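Novice: sequence unknown, structure follows:
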Ligand SMILES: [Zn+2]
């Protein structure tokens, strides 16, 4: 019988000054995750251009895949028959899947991606990118949408999302929630939060039912998702409401996901409100952040894990992370630069290849370019979070944050030059 005791979380060191940041260990049926941890994204059961064995070698502790994509292709039933996500993709460690809600609504509705995630002056509940048909319709029971692959019509409800995620078999799953944007009105945010709350109850009930029905499978933890956009009262209420929610058999959430559109400047504040309210003994995942400086903010304010598609996405566009910022290896100044990307990096790419070679691979459109740059960026990010974790353990978080942010300058032209 799958047993919820197969999943647990323990806290070790904490930040001082009443801050929520901490280190800990999440234990899953497929292994432990030392937190804070960065969870690399393998959207379609693959971290693009990199072998799972390589992800293991560079220190990835867990991978996150997308339920929406795997439902459409190859189909969650096929992943189930393969023995679950980890077995299917030859990744023995812990796995996460998101609920599909974000993709259903963002791809389906055709939000302008930038506008949808950032505040603009207007508030509207009808945000559709110009020239795009509205492909997703939300009602109180679920979402009807068209596939971005072939236009076929599908419907996700909390029960459908739970069914898909149980078939995918990840160690950590997320409740199906409604994605709103910062452009939605306050009234709509309230209505949506109520809907997400009702969906959370249905997810817990269905999760209990499927856990019992699939008793031969390892236990899968379910995280509730906190929405509420930029409103303090809504965020706090969402946390309190989710914490008290129980399934018919008494099952509560195993952890929490902090979701929704967040502006960079109030990321820490919003994560802090949530962590004020959430129980200490359950892990908190921040869904989708982007840049290294955000990781300090997220961790300081109480996020234990977070996923981020950026290290691999930008690597395929020749953008490379070093401690001073992000630079583009595609520019001509690197043609004859026979030094590694980063002298201080311990990754396979930096040990064996030069900037000139990587520059050449991108110019020649060689696939190896994406592989080598992704290895570096993923390793860079994993190592950064490892260093953040160590700094909390050693009581040196504030010094390390100051040192890092003192040299980090965002987008740069050349490392080592001001
Ligand atoms: Zn490297």
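Specialist: Everything's here; your move. Nothing here was measured: the structure is a model prediction, and the numbers come from that model. Residues are numbered from 1 along each chain as shown.

Novice: could you use CA atoms for every contact and neighbour count after this?
Specialist: Noted.

Novice: residues from this structure in reach of the ion?
Specialist: 345, 347, 350, 376 (C-alpha under 5 Å from the ion).

Novice: and the third one, what does it touch?
Specialist: So that's residue 350. If a contact means C-alpha atoms under 8 Å, 6 or more residues apart in numbering, then residue 350 has 340-343, 376 as its contacts.

Novice: switch to 10 Å and redo it
Specialist: Listed by C-alpha atoms under 10 Å, 6 or more residues apart in numbering, the contact partners of residue 350 are 339-344, 372-373, 375-376.

Novice: how about the helix or strand containing it: buried residues?
Specialist: According to DSSP states H and E, residue 350 maps onto helix 348-352. For helix 348-352, the buried set under the neighbour-count rule, 16 or more other C-alpha atoms under 10 Å, comprises 349-350.

Novice: go on, stretch 405-418?
Specialist: Burial within stretch 405-418, assessed by neighbour count using 16+ other C-alpha under 10 Å, is assigned to 405, 408, 410, 412, 414.

Novice: can you name the residue of the stretch 51-200 of the chain nearest to the ion?
Specialist: Using C-alpha to the ion, the single residue of the stretch 51-200 of the chain nearest to the ion is residue 58, 9.9 Å away.

Novice: so that residue touches residue 386, yeah?
Specialist: No. Assessed by C-alpha atoms under 10 Å, residue 58 is found out of contact with residue 386, at 11.5 Å.

Novice: what sits in contact with each of the two?
Specialist: Residues within reach of residue 58 and of residue 386 at once, by C-alpha under 10 Å, 6+ apart, are residue 380.

Novice: who's in contact with residue 352?
Specialist: Contacts for residue 352 (C-alpha under 10 Å, 6+ apart) come out as 339-340, 372.

Novice: which of these lies closest to residue 242?
Specialist: Of all the contacts of residue 352, residue 242 sits closest to residue 372, with 42.0 Å by C-alpha to C-alpha.

Novice: distance of that closest one relative to residue 187?
Specialist: Applying C-alpha to C-alpha, to the nearest Å, the value for residue 372 to residue 187 is 47 Å.

Novice: ramachandran coordinates for residue 320?
Specialist: phi -130, psi 140 (degrees, to the nearest 10).

Novice: I'd like to know how many residues surround it.
Specialist: Residues lying near residue 320 (other C-alpha atoms under 10 Å) number 23.

Novice: bridging residues for it?
Specialist: Using DSSP bridges, the bridge partners assigned to residue 320 are residue 327.

Novice: show me the buried residues of stretch 405-418 that map onto helices.
Specialist: Using DSSP state H, residue 405 are the members of the buried residues of stretch 405-418 that sit in helices.

Novice: nearest to the ion, of the buried residues of stretch 405-418?
Specialist: Of all the buried residues of stretch 405-418, the ion sits closest to residue 414, with 15.5 Å by C-alpha to the ion.

Novice: mind listing what the nearest residue to residue 220 once chain neighbours are set aside touches?
Specialist: Leaving aside its sequence neighbours, residue 220 sits nearest to residue 171 (C-alpha to C-alpha, 6 or more residues apart in numbering; 4.7 Å). Residue 171 makes contact with 6-7, 27-31, 62, 64, 84-86, 93-97, 165, 218-222 under the criterion C-alpha under 10 Å, 6+ apart.

Novice: out of everything not next to it in sequence, what's closest to the most centrally placed residue in the chain?
Specialist: Centroid-nearest residue in the chain: residue 307, 2.6 Å away (criterion: C-alpha atoms, centre = their mean). In this structure, residue 307 finds its nearest non-sequential neighbour in residue 39, 4.7 Å apart by C-alpha to C-alpha, 6+ apart.

Novice: partners of the helix or strand containing that neighbour, with directions?
Specialist: Element membership for residue 39, per DSSP H and E: strand 37-40. The sheet places strand 37-40 alongside strand 305-308 (parallel), with pairing taken from DSSP bridges.

Novice: what are the contacting residues of the partner strand?
Specialist: With C-alpha under 10 Å, 6+ apart as the test, strand 305-308 has contacts from 26, 33-41, 62-64, 96, 257-258, 283-291, 295, 298-299, 378, 381, 385.

Novice: ok, 8 Å please
Specialist: Residues outside strand 305-308 that contact it (C-alpha under 8 Å, 6+ apart): 35-41, 64, 283-290.

Novice: report the buried members of those.
Specialist: Buried members of those, scored by 16+ other C-alpha under 10 Å, are 35-41, 64, 283-289.

Novice: list the contacts for the residue in the stretch 151-300 of the chain positioned nearest to the ion?
Specialist: In the stretch 151-300 of the chain, the residue that lies nearest the ion is residue 292 (15.3 Å; C-alpha to the ion). Residue 292 sits next to 381, 384 when contact means C-alpha under 8 Å, 6+ apart.

Novice: what pLDDT does it get?
Specialist: pLDDT for residue 292: 92.

Novice: before I go, just wanted to say thanks for your time.
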